[in-house]
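> after the sequence you'll find the predicted model.
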Amino acid sequence: MKRLLIAVPILLLLCVFACKKAKGPANGKSVQPKNNVDSTVSVSAIINGSGWQTDSAYGYNVKHSGNDSGVSDLMITATSTDKKTNVVSTITFNISNYSGPREYKITPPYNTATYYIGNMRHFALLGSFVVATDTAYALRGSFSFVADTFTVSQGVFDVALP
């Protein structure tokens, strides 16, 4: 019984010292150079002659359900809010069977680009989505497409690797 009374406090003390919290911000690498804290991304484009820049952008790997082959799709969503009118606009890309850096033609329904203004949706019928680099931390590349009356050109993206 005396051994138990001695062993229990020692084990509790060891458990307390075994718990350790990591110091500082996230320890991962950043997408942006010279910034070890931020892993945010950027997407910019020219839409009908006006500049468009994101407030936020996210990349996702979408695994095929019931498929253990390792094939997945790529989805990128970028959102911007107009400070004057408070209208939210979004550009979304869905790339089927993503296989790394190369050019993906916008060919609905397989590879799609969609431009939203508020709740109005504009589907792209033609265009290009080019992944230039697929590094350990980021996807970088360019895009352009035509959606209804909107021409999106000189698009550039830099998103964290999903």
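Here it is on my side, so go on.
> make it CA atoms for all contacts and neighbour counts henceforth
Will do.
> can you point out the buried residues in the stretch of helix or strand residue 14 belongs to?
Using DSSP states H and E, residue 14 falls within helix 2-18. Buried positions in helix 2-18, judged by neighbour count with 16 or more other CA atoms under 10 Å: none.
> give me the number of residues near residue 90?
By other CA atoms under 10 Å, the residues close to residue 90 number 20.
> surely it is within a helix?
No: counting by DSSP: H, G, I helix; E, B strand; the rest coil, residue 90 is located in no helix; its state is strand.
> what separation is there between it and residue 78?
6 Å (CA to CA, to the nearest Å).
> how about residue 53?
For residue 53, the distance to residue 78 - CA to CA - is 9 Å.
> again with residue 72
Here residue 72 is placed at a distance of 20 Å from residue 78 (CA to CA).
> of those two, which one has the most company?
Regarding residue 72 and residue 78, a neighbour count based on other CA under 10 Å identifies residue 78 as having more, with 23 against 19.
> ok, now which ones touch residue 54?
42-44, 78-81 (CA atoms under 8 Å, 6 or more residues apart in numbering).
> what is the subsequent helix or strand relative to the lowest-mean-pLDDT helix or strand in the chain?
Ranked by mean pLDDT, DSSP states H and E, the weakest helix or strand in the chain is helix 2-18, scoring a mean of 73. Using DSSP H and E, the helix or strand that follows helix 2-18 towards the C-terminus is strand 42-47.
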